[in-house]
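Chemist: just the structure for this:
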Amino acid sequence: MNSLGERLFKLRRDKKLSQEEVADKLNVTRQTISKWETDQSMPDFDKVVPLCELYGITPDELFIELKGKEKTKTNEFVIDLEEEKLKISKKAKGIATSVVLYFLGVVWIMISIPVMNMNPVVASAIFLLICGVSTGIIIYVCIKYKKIKTHKEVENDKLRNQISNVVAIIVTIIYLIISFKTMAWHITWIIWVIFGLFEEILKLIFMLRGYKDEK
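Modeler: The predicted model follows:
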């Protein structure tokens, strides 16, 4: 068997599944399955493992019968898949760390001045330092472990952005109401810190969701 497409076609036929049935189980279109089986495209990273589970084989078994250049190409594809999973894991850990630091920063600013009687300037400087480190971690992991997004991930990003925009509008309204009512502008700005925490938690949830789908 000389191509991945032929291998996929045989596996589907052996399982007595139609292209529509496979497409439905993998949440893709029938045309996508057809392109895989005719070597017009290869399965996305996040579809290889579910595809193998559907056919009752391992990724190694899927590629083991391929020969020559095609075998080398698909073996590299498996390695890239593992590297991609590792990148997602590291990126999730980095964002999780930054979220924890943001929480610590909020706790610090809440207790350093009223409880510990620390100089407000010093307390604020430490708080900004914590926020800066947290933001730096997020920027670093997002750049270093950037990945090519699949169609599903693009859709997830759109959903996350929509949620974030709605929450931003709500937070703005709450911020203005509380600030004008209390005139405590020097305190109410912390609402935006909380919103920033929400943003990072939302990113982490969607990232872990995508990582779980790839397993």
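
Chemist: the helices in the protein, which residues?
Modeler: Assigned by DSSP state H, the chain shows helices spanning 4-14, 19-26, 30-37, 45-55, 59-63, 68-112, 120-144, 151-182, 185-188, 190-214.

Chemist: with mean neighbour count and mean pLDDT added, can I get these in JSON lines?
Modeler: C-beta here means a position set from N, CA and C on the backbone, and glycine is covered the same way. As requested, the helices of the chain are exported to JSON lines (neighbours: other Cβ atoms under 10 Å; pLDDT from 0 to 100):
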{"stretch": "helix 4-14", "mean neighbour count": "18", "mean pLDDT": "86"}
{"stretch": "helix 19-26", "mean neighbour count": "16", "mean pLDDT": "89"}
{"stretch": "helix 30-37", "mean neighbour count": "18", "mean pLDDT": "88"}
{"stretch": "helix 45-55", "mean neighbour count": "19", "mean pLDDT": "84"}
{"stretch": "helix 59-63", "mean neighbour count": "16", "mean pLDDT": "73"}
{"stretch": "helix 68-112", "mean neighbour count": "16", "mean pLDDT": "70"}
{"stretch": "helix 120-144", "mean neighbour count": "15", "mean pLDDT": "82"}
{"stretch": "helix 151-182", "mean neighbour count": "13", "mean pLDDT": "79"}
{"stretch": "helix 185-188", "mean neighbour count": "12", "mean pLDDT": "74"}
{"stretch": "helix 190-214", "mean neighbour count": "16", "mean pLDDT": "70"}
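
Chemist: list the residues that contact the residue nearest to residue 103 when sequence neighbours are not counted.
Modeler: Among residues not flanking residue 103 along the chain, residue 197 sits closest, at 6.6 Å (Cβ to Cβ, 6 or more residues apart in numbering). Contacts for residue 197 (Cβ atoms under 8 Å, 6 or more residues apart in numbering) come out as 99, 102, 103, 106.
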